[in-house]
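**Q** Generate a structure from the sequence data that follows.
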Amino acid sequence: MVALYSSGDSTTWGAELDNKEVERYSSLIAKENSWIDFNNASAGMSNDYMFRQTLRDVTHWLDTKEVWSEETGWVKVDNLYVIIGWTAPTRFEWWEDGKFVQERLWAPYDKWGETDSDKMTDAMFALNQTQDIPSYIRTFNNVITLHSFLEQHKIPHFFFNTFYHYEIPEEPTQKIDMFGKEEHQTGLKTLWKFLPSDFKTYNMYDFLKTNKGDLLTRRHPSARSHKMWADYIIQNDLI
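**A** Predicted structure coming up:
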């Protein structure tokens, strides 16, 4: 048996779809190849989460040949393919009260404009953490590390940006570390060169816009758009 392991945010999870378990792009790709769909995406998740969870799950598979998802439970498989739809780098996570907490709102109210009673993050803390430079460094480090690990273990994978567009900021004029050099501090331009080409090339929402895909009320891809994206990945042998 072969597993298609996917991670991502609400788009990869299949938010707003009537029947996400069969309509989202990961399910369609798995069905086309007679694979099992292990979709581990979740709404509002950060790239930190995707990196941490995927590395955890892939190392577990390498050790035991077992893969898990909420729909399938634990299943032993012979081979593993990985797809990650990376989200905005300005989302992040931290550890609080014995669990990981995901930050995605960037302000003390939720994305629909209502007070978020579950939000415990101080707004200034969140806004400082979500500046471009630390957000880009963290995501680029995660992507390069995970790509290198999967390549080392000969695990086929496809990375794409779900909707975000990167614009590399200029190097800061002040020191970003208490100790260290004053030039080429962030390394972002060099890190960009070493990112896997698919991460820099493929953007799901750009593809849908170009090909007249449609979005639902909360701007998640429709079932038709998920199929368009799945067909594109299949027809171009991207995974």
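
**Q** Let's check: the centremost residue of the protein is which one?
**A** For the chain, residue 86 is the residue whose C-alpha lies nearest the centre (CA atoms, centre = their mean; 2.6 Å).

**Q** Quickly list what it is bridged to.
**A** When bridges are called by DSSP bridges, residue 86 pairs up with residue 161.

**Q** show me the contacts for the closest residue to residue 11 other than its chain neighbours.
**A** Spatial nearest neighbour of residue 11, chain neighbours left out: residue 162 (5.1 Å); criterion: CB to CB, 6 or more residues apart in numbering. Any C-beta I mention is one placed from the backbone N, CA and C, and that applies to glycine too. Residue 162 sits next to 8, 9, 11, 12, 85, 86, 87, 203, 204, 205 when contact means CB atoms under 8 Å, 6 or more residues apart in numbering.

**Q** Now distance to residue 74 and pLDDT too, for the residues you listed, in TSV please.
**A** Shown next, in TSV, are those (distance: CB to CB, whole Å; pLDDT from 0 to 100):
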residue	distance to residue 74	pLDDT
8	21	98
9	24	96
11	26	97
12	21	98
85	24	98
86	26	98
87	27	97
203	34	98
204	29	98
205	33	98
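
**Q** How far off centre is the helix or strand encompassing residue 151?
**A** Using DSSP states H and E, residue 151 sits in helix 132-152. Relative to the mean C-alpha coordinate of its chain, helix 132-152 is positioned 11 Å out (CA atoms, centre = their mean, to the nearest Å).

**Q** Show me what that helix packs onto, helices and strands only.
**A** In terms of contacts (3 or more CB pairs under 8 Å, 6 or more residues apart in numbering; DSSP states H and E), helix 132-152 is packed against helix 47-64, strand 79-86, strand 157-161, helix 188-194.

**Q** Of all those, which one comes closest to residue 133?
**A** Nearest of the helices and strands packed on helix 132-152 to residue 133, taken as CB to CB: helix 188-194 at 7.4 Å.

**Q** how about that closest one as PDB, C-alpha atoms only?
**A** Only the C-alpha atoms of helix 188-194 are listed here, as PDB (Å, rounded to 0.1, in the frame of the first residue of the first chain):
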ATOM      1  CA  LEU A 188      17.400  35.600   3.000                       C
ATOM      2  CA  LYS A 189      18.700  36.200  -0.600                       C
ATOM      3  CA  THR A 190      20.900  33.100  -0.300                       C
ATOM      4  CA  LEU A 191      18.300  31.000   1.500                       C
ATOM      5  CA  TRP A 192      15.900  31.800  -1.400                       C
ATOM      6  CA  LYS A 193      18.300  30.400  -3.900                       C
ATOM      7  CA  PHE A 194      18.500  27.100  -2.000                       C
END
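
**Q** what sits up against that helix?
**A** The contact list for helix 188-194 (CB under 8 Å, 6+ apart) reads 133, 136, 137, 140, 141, 144, 166, 168, 169, 171, 184, 200.

**Q** Go ahead and build a PyMOL selection from the buried members of those residues.
**A** For the buried members of those, the matching PyMOL selection, counting by 16 or more other CB atoms under 10 Å, is:
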select buried, resi 133+136+137+140+144+166
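
**Q** of all the contacts of helix 188-194, which comes closest to residue 28?
**A** Distance to residue 28, by CB to CB, is smallest for residue 200 among the contacts of helix 188-194, at 24.5 Å.
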